[in-house]
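Enquirer: Fold the following.
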Amino acid sequence: MKLNKLLHFLFAFILLAGIVSCSNDNDEQEVFYGNGFLIANEGTYGKPEGDVTFVSADLNLKQDNVFALNNGAAKLGDVLQMIAFKGENAYLLLNNSNRIQIVNRYNFKGAGEIKAELNSPRYMAFANNNLYVTNDKYQGDKFVSIYKASDFSFIKKISFTDAVERVVEAGNNIFVQNASFGFGNKITYINTSTNDIQSTITLPNGNINKIISNNQNVYAIAGGTTDSYIYQISSTGSITKTTTLTGIANGTNLEISNGKFYFSSGKNVYTMDMTATTAPTSPLFTVANSVDNFSALYGFSVINDKIFTSDSNGFTQASKIVVYSTTGSVIRTFTAGIGSNSVYAN
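Expert: Reported below is the predicted structural model:
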């Protein structure tokens, strides 16, 4: 489906006027949110400011506060950590609201919610017709809660002593990052046939900053004070390849697109072929300074030959989104919500 001519006109008018949210006209129109990008905006911690920004595939049309606009101005919740998809639904994980809001991914109407057995949920992934959610309460319980994807009913909880952060699927198995905020070097492999821990993978060098999945493998970027490392891990939990990023300290924000790694160190963004044996000697580009180093590259996503970066501006105002080409040139700049942390193709 495509936006009809009337909606094209309305969106264009909104953009030109600099008003991208709550007019009465917007409230009355049903927008198709496919064929574009969804941006997760955390909002300010402790306030129900989390929401979603929609941007068209050509980056020309934008709408903020997508959930509120399509659900009677209802507030989505506190800290939108991430979005996941299954079928026609999008799953919006609210970290400080202890809730997963389910919506139709194309019109963003509410379609249900998950609230049972959640305590500071962090990330989620689907595998073997189940939903796996990491929970890590500060100085509290750390566990993975498992639900049936068919009816969202709770199945079981797997407890941990180490941190539980990102979670990804590879080969229909689940891998949990036992590292957060640059500390930790372990990944737990969960067998989804039994929903028990199969093994623990310990990375030999660096502290894990992020794990992702690609082509039935898990990839972890681990940072060190001098060098960083990208590990390839099979869907059965074996380290099959190590790429040393010589001279690049504290590597993070790993993404994969069209056979290339994209990652960052500080405010520098790098790229290299996945088959390369030597690290790049210079960055693809460097993002601008922000109010603090934490904000400057708060969000980083690579989709369809577009690199999305987010400057969160200290969570005091709208995030600045800068979109780059894979050659490092700026394509588009616009604002989104407070604390934009990631972009998803829809």
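
Enquirer: measure the residue lying closest to Ala111 once chain neighbours are set aside to Asn130 for me?
Expert: Counting by CB to CB, 6 or more residues apart in numbering, Ile102 is the residue found nearest to Ala111 once chain neighbours are left out, at 4.7 Å. For glycine as for every other residue, the C-beta is placed from the backbone atoms N, C-alpha and C. Distance of Ile102 to Asn130, given as CB to CB, to the nearest Å: 15 Å.

Enquirer: what comes up buried for the helix or strand harbouring Lys157?
Expert: Using DSSP states H and E, the element containing Lys157 is strand 154-159. Residues Ile158 are the ones in strand 154-159 that count as buried (16 or more other CB atoms under 10 Å).

Enquirer: Am I right that Ser150 falls within a helix?
Expert: No: Ser150: not assigned to a helix; according to DSSP: H, G, I helix; E, B strand; the rest coil it is coil.

Enquirer: Contacts made by the host helix or strand of Leu254 with the rest, please.
Expert: Leu254 is located in strand 252-257, with elements delineated by DSSP H and E. Outside strand 252-257, the residues that touch it by CB atoms under 8 Å, 6 or more residues apart in numbering are 182, 209-212, 214, 219-221, 223, 230, 261-265, 269, 274, 297, 300-305, 326.

Enquirer: Any of those buried? List them.
Expert: Neighbour-count burial (16+ other CB under 10 Å) applied to the contacts of strand 252-257 gives 209-212, 214, 219-221, 223, 230, 261-265, 269, 274, 297, 300-302, 326.

Enquirer: returning to that earlier point: helix, strand or coil for the residue nearest to Ala111?
Expert: Per three-state DSSP, the secondary structure class of Ile102 is strand.

Enquirer: That one bridge partners, please.
Expert: Beta bridges link Ile102 to Tyr91, Gly112, judged by DSSP bridges.

Enquirer: That one and Val343, how far apart?
Expert: 20 Å.

Enquirer: burial count for Ala222?
Expert: 28 (other CB atoms under 10 Å).

Enquirer: And for Glu113?
Expert: 17.

Enquirer: measure Thr202 to Thr192 for me?
Expert: From Thr202 to Thr192 the distance is 22 Å (CB to CB).

Enquirer: Those two: which has the busier surroundings?
Expert: Thr192 (19 against 9).

Enquirer: Report the contact partners of that one.
Expert: 127-128, 130, 172-174 are the contacts of Thr192 under CB under 8 Å, 6+ apart.

Enquirer: at 6 Å instead, please
Expert: Thr192 is in contact with 127-128, 173-174, counting by CB atoms under 6 Å, 6 or more residues apart in numbering.

Enquirer: Kindly report the same for Gly36.
Expert: Gly36 makes contact with 54-57, 346 under the criterion CB under 6 Å, 6+ apart.

Enquirer: One more: Lys210?
Expert: For Lys210, the contact set (CB under 6 Å, 6+ apart) comprises 221, 252, 254.

Enquirer: would TSV of those residues with pLDDT be doable?
Expert: Output for the contacts of Lys210, formatted as TSV (pLDDT from 0 to 100):
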residue	pLDDT
Ile221	98
Thr252	97
Leu254	98
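
Enquirer: which among those gets closest to Leu80?
Expert: If you rank the contacts of Lys210 by distance to Leu80 using CB to CB, Thr252 comes first, at 20.6 Å.

Enquirer: so how many other residues sit close to that closest one?
Expert: 18.

Enquirer: ok, now how distant is it from Glu49?
Expert: 25 Å.

Enquirer: so what does the strand holding Lys157 touch, helix or strand wise?
Expert: strand 142-148 (3 or more CB pairs under 6 Å, 6 or more residues apart in numbering; DSSP states H and E).

Enquirer: Which secondary structure elements does the strand it packs on sit against?
Expert: By 3+ CB pairs under 6 Å, 6+ apart, strand 142-148 packs against strand 130-136, strand 154-159.

Enquirer: Can you tell me which of those strands is nearest to Tyr91?
Expert: Per CB to CB, nearest to Tyr91 of these: strand 130-136, 7.5 Å.

Enquirer: Could you give the average pLDDT over that closest one?
Expert: Averaged over strand 130-136, pLDDT sits at 98.

Enquirer: I'd like to check the angle between it and strand 142-148, please.
Expert: When axes from the mean of the first three to the mean of the last three CA atoms, to 10 degrees is applied, the directions of strand 130-136 and strand 142-148 differ by 160 degrees.

Enquirer: partners of strand 130-136 in the sheet?
Expert: Strand 130-136 is paired, per DSSP bridges, with strand 121-127 (antiparallel), strand 142-148 (antiparallel).

Enquirer: got a list of contacts for the last one?
Expert: The list of residues contacting strand 142-148 from outside it, by CB under 6 Å, 6+ apart, reads 117, 130-136, 154-160, 164, 195.
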